[in-house]
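**Student:** I'll drop the sequence and a predicted model, then ask my questions.
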Amino acid sequence: MKNVFQKTLDKTFSFKGIGLHSGKITNVKLLPSSENKGIIFKRIDLSSNNEVKANYNSVSSATLCTTLENKFGAKASTVEHLLAALYINGINNAIIEIDNEEIPIMDGSSREFLKLIERAGVKRLSKKRKFLKILKSFRFENRGREILIEPSDDFEVDFQLDFPNQLIGQQKNSVNFFKDNLTDVMNSRTFCLYEDIEKIKKDGLAKGGSLDNALVIKNEKVLNVGGLRNKKEFVNHKILDLAGDIALSEFSFLGKIICYRGGHELTNIFLKELLNNYKEFFEIVEIEDEKISKISHKTQSTRLVVNA
């Protein structure tokens, strides 16, 4: 179902937890906000210049997680799972206070965030939300990875993995964010191969990682007690990540994304190219009674290959 109006939280709520990559504890408080304010991360451990906008142009790193940074160097990292939970609830205005850089990983999915949001409640605001409606197909390729976005009256995602590990393999799934039950997607955990852990830790990452907050696969076997939460948990988590990164557009999408071997970096480069350099391929619209009223429009189609 399309959320026609902007939304925020009904009540403030707080939680804390360990950062997946930093290994540090962060205290988090989410507060309601007003129309057209967007999602703002506020570093309360910093005395000034401490607000970071949840916007694709704020992304400073997309290696294994999405990191946002303002021009003064204040950062908020591993934001994607929390943003995905807000996004599917239609919440596009909120203040997120944090006393450290990294958002807690919780169980590695968006499940705990969704529970907290449900308890706090969602409040409808008076202003209409803006939808980004794709007009013609736009294909973006980067080092063997690809995103194609096509026109649609819904927000749909087709995602395919391509891992040498046979358990993950070429797993794929299709989801309509307006019509489908998203429980499996939002409950799906981040994952890694056992043989990659040493390299990840040498790079200074995954200091807070454990079997409590990530799936670990060794020799085509899941090491976590209880195994997978759903048969397509690997690709479903990638769809979750994509939703959190798409939220950084600050629009609700009307389009079908077909993604092959995607991740945080690819999604962010794609958004920057589309929204900054190819504005003729979409229009910004409002919805009234399920009908789309135009605000601006232009049409074209293209295929963009980037090797950087």
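**Tutor:** Nice, I can see it.

**Student:** ranges for the strands of the stretch 1-150 of the chain?
**Tutor:** Ranges of strands in the stretch 1-150 of the chain, per DSSP state E, counting those that start in this stretch, are 5-9, 13-18, 25-32, 39-43, 51-53, 59-61, 67-69, 75-77, 94-98, 122-128, 131-134, 138-142, 145-150.

**Student:** how far off strand 122-128 does the third one point, in degrees?
**Tutor:** Calculated by axes from the mean of the first three to the mean of the last three CA atoms, to 10 degrees, strand 25-32 forms an angle of 50 degrees with strand 122-128.

**Student:** relative orientation of strand 25-32 and strand 13-18 in degrees?
**Tutor:** Orientation check (the same axes, to 10 degrees): strand 25-32 against strand 13-18 gives 160 degrees.

**Student:** which residues of the protein fall in helices?
**Tutor:** Counting by DSSP state H, the chain has helices at residues 80-88, 111-120, 183-187, 197-202, 233-246, 264-272.

**Student:** Worst mean pLDDT among those?
**Tutor:** Averaged per stretch, pLDDT over those is lowest on helix 197-202, reaching a mean of 91.

**Student:** Show which residues not belonging to it make contact with it.
**Tutor:** Residues outside helix 197-202 that contact it (CB atoms under 8 Å, 6 or more residues apart in numbering) are Leu64, Cys192, Ala206, Lys207, Gly209, Val216. Placement of C-beta: from N, CA and C, glycine included.

**Student:** swap the cut-off to 10 Å and go again
**Tutor:** Helix 197-202 is contacted by residues His21, Thr63, Leu64, Cys192, Leu193, Leu205, Ala206, Lys207, Gly209, Ala214, Val216, Lys218 when judged by CB atoms under 10 Å, 6 or more residues apart in numbering.

**Student:** Mind listing what's buried along that helix?
**Tutor:** Neighbour counts over helix 197-202 (16 or more other CB atoms under 10 Å) mark Ile197, Ile200 as buried.

**Student:** starting at the chain centroid, how far to that helix?
**Tutor:** From the chain centre to the centre of helix 197-202 is a distance of 24 Å (CA atoms, centre = their mean, to the nearest Å).

**Student:** same thing with stretch 270-286?
**Tutor:** Counting by CA atoms, centre = their mean, stretch 270-286 is centred 18 Å from the centre of its parent chain.

**Student:** Any idea how far apart the tips of that stretch sit?
**Tutor:** 23 Å (CA to CA, to the nearest Å).

**Student:** swap in stretch 244-255?
**Tutor:** Stretch 244-255 has an end-to-end distance of 16 Å (CA to CA).

**Student:** and what of stretch 30-44?
**Tutor:** Rule used - CA to CA; the end-to-end distance of stretch 30-44 is 12 Å.

**Student:** mind checking how far it is from the chain centre?
**Tutor:** For stretch 30-44, the distance to the chain centre is 17 Å (CA atoms, centre = their mean).

**Student:** do the same with stretch 250-269
**Tutor:** That offset, for stretch 250-269, works out to 9 Å (CA atoms, centre = their mean).

**Student:** deepest of the strands of the stretch 1-150 of the chain, which one?
**Tutor:** Mean neighbour count (mean count of other CB atoms under 10 Å) peaks for strand 75-77 among those, with a mean of 24.
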